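Visitor: Here is my input, please return the structure:
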Amino acid sequence: MLLLLLLLAQTRALYVTGVNLAVMEFTPGALPGVYGVDYRLPPFDEIVYYAGAAANFSTFRLPFLWERLQPVAYGALDAPYLANISAFVANATGAGAHVILDVHNYARYYGDVVGESSVNASALADLWGRLALLFGPNPRVLFGLMNEPNTMTTEAWLGDANAALAAIRAANASNLVLVPGNAWTGAHSWSQDWYGTANAVAMLNVSDPGANFAFEVHQYLDAGFSGNSATCVSATVGSEALANFTGWARAHGYRAFLGEYAGGNNSLCQAAVTDMLAYVCANADVYLGWTWWAGGPWWGAYRFTLEPTGETAAPQLAWITPYTSCAATVAPTAAPTPPTSAPTAAPTQAPTPPTSAPTQVPLFTPTAAPTVEPTVAPTVAPTTAAPTIAPTTAAPTVAPTTVAPTTAAPTVAPTTAAPTVEPTTVAPTTAEPTAEPTTGAPTAAPTPGAPASAPTDAAIAIGAVMVAGGAALVLGYVASLAS
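Guide: Predicted structure coming up:
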């Protein structure tokens, strides 16, 4: 019992801050899509830049598409797409950072609402059972169940979340799980009911056999709370929007994570962003940290990008870096009074990816695809004993170095849909990918942004070792299943 309490204390002291490196989920209308044209992996340069002196970030939220990772429900994971995710995880966690695996699907699978269509909650549970087996041994990996569920009953999403939590714990993974709410998981609307049963009511019934989860909320600062405008409502809109949710979480003993937020490059948004981050930091008994939306190599002139232009850092980076570290023992401040007026309509969806064609050649292209995942779905029943909560100071799991990948890529298991084939040396074509936003793309077509500073020879060497480690980890996992 004493050990469990010590581990719990260590987990609660976790404060992780960073950026969404968004590009793996781009062009959702092109499935499976072409690597280097429709999507790509954030290059190692991004890790070097954001984890270094420029930002001192400790966390990367990695959005990806469910359909690209698992082309057929309950089927095998796509080997090349999985290898890219594994490479990023190995590089980032090997450098001491945390990675949030974010299923960026809005509680949809090929457009069908999970839990309210032919796509059952067990399909999401199957996906997370597989991911938990692969990444559970790495305590620096956090599991983001789903990005922004919306336009569904809150009860259906609750069932989806509980099924996924049970599958994760059945795989003996004790990693921290981030659970969003309905209605785009907006903090400002957590207690409102215009979308059905309020999150503040339904999400009290979240059931985690491992007792290690936090609620993920998103909070944009424009008039619609959608992130579709660079104009902020007021200098205190963020702290006011978080106030009611913060009080609810504290009253029920819950932890929280601010998974997406941003503000345009202007003085009012600077005041709003810093006010909100100061509020989060002052309420670190509730909040575990935050990740800005967004960074990544293809955002170009997007209004919220954190990518540097040449040697010049994005203006917003200087606003948020003073808040990258907060002591969990800081006494909470008095919560500001939340707005009294509820929105009359559902907020629009969060920002959508740019539609400009990429110009960079893929950095991570596996030379040998890992063995295909088994087609047998993992058991989703929860175990009777809660697994030990992973301490934040534990070193990431290192894959055995004696296991070498085969020289020939194995056949991918799904029979009804061909897996994504990842090119090894082919540069991206000039065809422009088409985004599929539900409420509108950025108004100005972004131009390709300059990549972050090139990594040193030592950083590249570390990246190569970590990529090999990630592939070996997948092979080791498959070998253990075969035995």
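
Visitor: and Pro63, helix, strand or coil?
Guide: strand (DSSP: H, G, I helix; E, B strand; the rest coil).

Visitor: Surely it and Met24 touch.
Guide: Yes: with contact defined as CB atoms under 8 Å, Pro63 reaches Met24; the gap is 6.2 Å. (Each C-beta comes from the backbone N, C-alpha and C, glycine too.)

Visitor: Only alpha carbons, please: show stretch 18-29 as CSV.
Guide: This file holds the C-alpha atoms of stretch 18-29, laid out as CSV (Å, rounded to 0.1, in the frame of the first residue of the first chain):
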residue,chain,number,x,y,z
GLY,A,18,4.4,20.8,-25.1
VAL,A,19,2.9,20.9,-28.6
ASN,A,20,0.7,19.0,-30.9
LEU,A,21,2.9,17.9,-33.8
ALA,A,22,0.1,17.5,-36.3
VAL,A,23,0.7,16.0,-39.8
MET,A,24,0.1,12.2,-39.5
GLU,A,25,-3.7,12.9,-39.5
PHE,A,26,-3.7,15.3,-42.4
THR,A,27,-6.0,14.8,-45.5
PRO,A,28,-8.5,12.5,-43.8
GLY,A,29,-10.5,12.4,-47.1
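
Visitor: What residues sit buried inside that stretch?
Guide: Neighbour counts over stretch 18-29 (16 or more other CB atoms under 10 Å) mark 18-28 as buried.

Visitor: what would the residues you listed look like in JSON lines with secondary structure?
Guide: Shown next, in JSON lines, are the buried residues of stretch 18-29 (three-state DSSP):
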{"residue": "Gly18", "secondary structure": "strand"}
{"residue": "Val19", "secondary structure": "strand"}
{"residue": "Asn20", "secondary structure": "strand"}
{"residue": "Leu21", "secondary structure": "strand"}
{"residue": "Ala22", "secondary structure": "coil"}
{"residue": "Val23", "secondary structure": "coil"}
{"residue": "Met24", "secondary structure": "coil"}
{"residue": "Glu25", "secondary structure": "coil"}
{"residue": "Phe26", "secondary structure": "coil"}
{"residue": "Thr27", "secondary structure": "coil"}
{"residue": "Pro28", "secondary structure": "coil"}
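
Visitor: which residues in the stretch 1-150 of the chain form helices?
Guide: 2-12, 44-51, 66-69, 79-94, 121-135 (DSSP state H, counting those that start in this stretch).

Visitor: and the longest one with helix 44-51, angle?
Guide: Helix 79-94 and helix 44-51 meet at an angle of 30 degrees, taking axes from the mean of the first three to the mean of the last three CA atoms, to 10 degrees as the criterion.

Visitor: helices or strands next to helix 79-94 in the packing?
Guide: Under the contact criterion of 3 or more CB pairs under 8 Å, 6 or more residues apart in numbering; DSSP states H and E, helix 79-94 touches helix 44-51, strand 59-64, helix 66-69, strand 98-103, helix 121-135, helix 457-482.

Visitor: Can you check what angle separates it from helix 121-135?
Guide: Going by the same axes, to 10 degrees, helix 79-94 makes 50 degrees with helix 121-135.

Visitor: Now tabulate the buried residues of stretch 18-29 in CSV and tack on distance to Thr312 and pLDDT.
Guide: Converted to CSV, those look like this (distance: CB to CB, whole Å; pLDDT from 0 to 100):
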residue, distance to Thr312, pLDDT
Gly18, 21, 98
Val19, 17, 98
Asn20, 21, 98
Leu21, 20, 98
Ala22, 21, 98
Val23, 21, 98
Met24, 26, 98
Glu25, 27, 98
Phe26, 25, 98
Thr27, 28, 98
Pro28, 31, 98
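
Visitor: Closest one of these to Ala166?
Guide: Glu25 (25.4 Å; CB to CB).

Visitor: ok, that closest one - contacts?
Guide: 39, 63-65, 104, 353 (CB atoms under 8 Å, 6 or more residues apart in numbering).

Visitor: What score does Leu14 have for pLDDT?
Guide: With respect to pLDDT, Leu14 scores 78.

Visitor: go on, Gly94?
Guide: 97.

Visitor: for Thr337, same thing?
Guide: Looking at Thr337, the pLDDT reads 40.

Visitor: elements contacting the longest strand anywhere in the chain?
Guide: Looking across the chain with DSSP state E, the single longest strand is strand 287-295. Judged by 3+ CB pairs under 8 Å, 6+ apart, strand 287-295 is in contact with strand 16-21, strand 59-64, strand 256-260, helix 267-282.

Visitor: ok so Glu216 is a strand residue?
Guide: Yes: according to three-state DSSP, the state of Glu216 is that of a strand.

Visitor: ok, it to Trp293 distance?
Guide: Distance of Glu216 to Trp293, computed by CB to CB, to the nearest Å: 13 Å.
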